[in-house]
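Student: what shape does this take:
(3 chains)
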Amino acid sequence: MANRRDLIGGLAAIAIGAGYLSMALEIRHSALDDAVGPAGLPKVLAFLMIGLGAILCVKAALAGGPARPAGPVSDEAATAEATGIRFSGIARAGGLLAIAAAYLLVVHPLGYLPSIFMLLVAASLYGGAALTWRVFAIGAGGAVFYWLLFVQLLGIPLPPGILG
Amino acid sequence: MKAIKAAILAAALGLAAQQAAADDYPVDTVTLVTHSSVGGGSDVFLRELAKYLGPKLGANVIVENVKGGSGANAMARLVASPADGSVFYATTPTFIYTSLLSNPEATYKDLEPLVNVFSDPEVIYTAAGSDFKSLKDVVAKAKESRGTWGAANPASLERQLLERLKTAAGVEAAIVTHEGGGDMMINVLNGTLDIGVGEVQELQSQLEAKQVRILATFTADRIATQPDVPTVKESGYDVVARKFRGLAGPKGLPENVIAAWEKAIPELLEDPDYKAAYTAANLRPEFIPHDEYVTFIDEFGTDTAKFLKDSGVIE
Amino acid sequence: MAMFSQALDVLLTTPAVFFAIIGVAWGILGGALPGLSPSITMALLLPFTYSLDPASAIVLLAATYIGAEYGGSIPAILIRTPGTNAAAATVIDGFEMNRQGKAGLALGISLYSGVIGSLIGLVMLVALSEPLSAVALSFRPPSYFALGILGLSVIASLSGGSLVKGLIAAVLGLMVATIGTDPVTGGNRFTFGTADLLAGVEPVLIMVGLFAVSELFVQTAEQGGQIRVESRARIEFPGIALARRLVPAQIIGSIIGTFEGVMPGAGGTVASFMSYNEARRWSRHKEEFGNGSPEGVAAPETANNTVAATAIIPLLSFGIPGSNSTAVLLGGFLIHGITVGPMIFVKSASTVYGLYGGMLVASIALLFIGMAMMGPCIWLVNRPRAYLNAFILALIFSGVFSIHQSLFDLVLVLIAGVVGFAMRMLKFPFLPTVLGLVLGYLIESNYRRSLVLSGGDHSIFLEDPIAVGFLAVAAVFVIGSLLQPALAAWRSRRRGEIRDVRG
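Tutor: Residues are numbered from 1 along each chain as shown, chains lettered A, B, ... in the order given. This next block holds a predicted model:
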């Protein structure tokens, strides 16, 4: 359903363009401004985005059937074409996003080592690894490995948390 | 950064033996925070300072780089730190510009200036092959056609100086901003710009190679290394600036901490080894004691805020 | 000759050779970790250079730069994530080759192209420093603006099926590039009141999000749906026939890399995209590009390693760091009290020649260290998918955190990941977004600077011969790629007619 996909894409572009435009109009003028001004390019970009979005919508509405890509097919197109991810897939991806977001919440209070261990275990299980001792062993090994690599070898001050 | 801290700590520990006697500074380790990245201008200055400061102050001195937000993150780090003399921030005009321009949670007003250590002379320079022999020539050109003057960064002290010069000279020159001094240097060298404004130590190599010429300085008096170059004020335009390099701490610094620094910094600036190091780097010592420095920073902030408000950059 | 004897002297009397090798190994590691850019990898070493002699310190940093530019291609090929910005173009064909089970070959091509690029760049640095620095000096703001536009003209051929979608993606990238401090007034734009956005959005965050995080989302969404290809855990170098085929791509890469490296602000990312595009234009196997073309790996990887050497030219000639990486290198010089600029060849000649010698050692070491590190890398990506993805996610989060030690950056990466996922669902290409993001600031700031210089008169762009040249070439590219489908259709119709006649 290439045309519906393009319609959504076009509408999204229009929405992004409009939102960006409303912010661009808020940019302050100042006496240090040049002829173009800080809002000059943003306004052009906003109208371009809206215009391009509209073209995409019109094309999608006119096309009707699945559009055939002309010219060389990029790998992005190929992936999406081959998979045809459905709504349940999007929900599954959302789960991974939730795991990632949870890491952001716990990394400061708990510290890097325990948080990265939990991230590894949760993401592995979510990705389909069987729930056995192996998951935890690999998670612990990985967490220690990353900790050695980033904190000890590279000297990056990742949050120490409860262990620090 | 931990590795950096470790390295500096190791260097500082070597000095620990000498300092044991004079030890009445309230904390063992002093952290100097900079928003400059490792190897950047402020960072090198600070590391050099840290090397010599330890014994004078009677404490280990380490440097910490808190990057991001043009100093906003470093200021936030300072405000959250105890006011016991253990943490200071290396200040340059950037911290005032960031405070005013971006309204971060912690601004320069939330910090207490400690003392000033150096000032970088800001100078006007032009390509060696250009026709400009003096600042008057530059202004004359700007009067008859259109002058092109370069500032290293948008909304910086350099830009402010040029805007003030423009007003003082009553000319309409195009002030072109860049992404740092190097970017601007190319445009001065290839003649795109009539003049550029920068710090002497940024021009060092080009000066030695006789690729650029200094026309005037924004300092109050002529600078020692360039005795023949007049100040902008001597040239007839009343624009003077001090690009300061000093330290600031959290609000409410104890008296004994302030006293220790007021004693240590002048001593440090007289230290022959350190003097050789900073003279080579073209830094000019300018110690300003605590009380005076507080007023100085306050005035600098007020002036800058007025400039930015008058030109409409901020509300 | 004095130069060679001085270089040799430095190599023999200091531990510079040792540090060249250490630097390369460290650089490959840092470059291969997504989020750790070459400049961060180098900056992490700076504290250790305090205790070294100047030549060893500079060699260590320069060798790290060389290693990191190559290292970036490893995750680009193996996990579809550019380890460095300049490896973004390598993702296109490199990952495609991996998908076809040719990961070892792709890595081999990338490695040997990187070595060739480093060596050519080094020759340029040593032999042509002076004329090339004259080129850099002749670039004025209008020329830089035109250079940026030339870079954007590549979009047409990165857009895949739909040009409209490619343009939307590019505009999105340009929009992200406007976030931060205004280049002329210094006021804030689109920062939503947070100080974290003042300095703009680091392109690497968006790249990691768009490529890597969105890939994880897609794989999660289609769990078990895709057949996996086992990459052979061996590095393969191309045979003679293939090596010969790669020569034009490598020549293109090194020429573009040389010039982009010399120009402050242009950099490796633009060089690799442009050489990818040019390699395709001049290739006899155009149809393979995007479908696993070995030339599509060779061209950008030659280019970004050439940049790693020629970017040093403006640093040494003017004391001007044109990129973050050369800024760290400048820091290395400053730490040892060496003023970089025109006088360096007079005052610190032995350090400079030692640097040249060390870079030669590093370029050769790159070949061997690269080979040794490749086997383990390939083994790693052949682990079970569930574990692999979890480890990639953890790696991204750790690597990105190292940039500013900021959780905000991780949030940006996740947002970019969600946007990337949506773009893939809706079949938008995201390479134009990356290009727009990288070029946006260059184009806008120089456009406005030009107009400030001219007092608002657009004729300044026509008075600058370099700008006119670039804009003309860009126009030819754009018109050419717009006409190409029509031309191809016309040709195939003619072929059809001929066949009809014959039949």
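Student: helix, strand or coil: sort out residue B:148 for me.
Tutor: Here residue B:148 takes the strand state, with states given by DSSP: H, G, I helix; E, B strand; the rest coil.
Student: isn't residue C:254 up against residue C:121?
Tutor: Yes. Using C-beta atoms under 8 Å, residue C:254 makes contact with residue C:121 at a distance of 7.1 Å. C-betas here are computed from N, CA, C, even on glycine.
Student: now the common contact residues for these two.
Tutor: When contacts are counted by C-beta atoms under 8 Å, 6 or more residues apart in numbering or on different chains, residue C:254 and residue C:121 have residue C:306 as shared neighbours.
Student: got any ranges where chain C has weak pLDDT?
Tutor: Applying pLDDT under 70 to chain C picks out residues C:1, C:160, C:223-234, C:265-266, C:485, C:491-503.
Student: nearest the geometric middle of it, what residue?
Tutor: The structure's chain C has its C-alpha centroid closest to residue C:86; by C-alpha atoms, centre = their mean the separation is 1.4 Å.
Student: from residue C:19, how far off is that residue?
Tutor: From residue C:86 over to residue C:19 the distance is 23 Å, taken as C-beta to C-beta, to the nearest Å.
Student: ok, residue B:105 next?
Tutor: Here residue B:105 is placed at a distance of 42 Å from residue C:19 (C-beta to C-beta).
Student: just residue C:402 next, same as before
Tutor: As for residue C:402, its distance to residue C:19 is 22 Å (criterion: C-beta to C-beta).
Student: higher neighbour count, the two?
Tutor: Set side by side, residue C:402 and residue C:19 show unequal neighbour counts under other C-beta atoms under 10 Å in any protein chain shown, the larger going to residue C:19 at 29 against 24.
Student: is the residue lying farthest from the centre of chain A part of a helix or strand, or is it coil?
Tutor: Taking C-alpha atoms, centre = their mean, the residue of chain A most remote from its mean C-alpha position is residue A:31, at 38.0 Å. Of the three states, residue A:31 takes coil according to three-state DSSP.
Student: likewise for residue B:118?
Tutor: For residue B:118, the reduced secondary structure class is strand; criterion used: three-state DSSP.
Student: what are the boundaries of the helices in chain A?
Tutor: Secondary structure of chain A, counting by DSSP state H: helices at A:2-24, A:40-63, A:75-83, A:87-110, A:112-126, A:133-146.
Student: alpha carbons of the first one, as PDB, please.
Tutor: The C-alpha coordinates for helix A:2-24 follow below in PDB (Å, rounded to 0.1, in the frame of the first residue of the first chain):
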ATOM      1  CA  ALA A   2       2.600   2.500  -1.100                       C
ATOM      2  CA  ASN A   3       0.100   5.200  -1.700                       C
ATOM      3  CA  ARG A   4      -1.300   5.200   1.800                       C
ATOM      4  CA  ARG A   5       2.300   5.100   3.200                       C
ATOM      5  CA  ASP A   6       3.100   8.200   1.100                       C
ATOM      6  CA  LEU A   7       0.000   9.900   2.200                       C
ATOM      7  CA  ILE A   8       1.000   9.400   5.800                       C
ATOM      8  CA  GLY A   9       4.500  10.600   5.000                       C
ATOM      9  CA  GLY A  10       3.300  13.600   3.200                       C
ATOM     10  CA  LEU A  11       0.900  14.600   6.000                       C
ATOM     11  CA  ALA A  12       3.700  14.100   8.600                       C
ATOM     12  CA  ALA A  13       6.000  16.400   6.500                       C
ATOM     13  CA  ILE A  14       3.300  19.000   6.400                       C
ATOM     14  CA  ALA A  15       2.800  18.700  10.200                       C
ATOM     15  CA  ILE A  16       6.500  19.000  10.900                       C
ATOM     16  CA  GLY A  17       6.800  21.900   8.500                       C
ATOM     17  CA  ALA A  18       3.900  23.700  10.200                       C
ATOM     18  CA  GLY A  19       5.200  23.100  13.700                       C
ATOM     19  CA  TYR A  20       8.700  24.200  12.700                       C
ATOM     20  CA  LEU A  21       7.300  27.300  11.000                       C
ATOM     21  CA  SER A  22       5.400  28.300  14.100                       C
ATOM     22  CA  MET A  23       8.700  28.100  16.100                       C
ATOM     23  CA  ALA A  24      10.600  29.900  13.400                       C
END
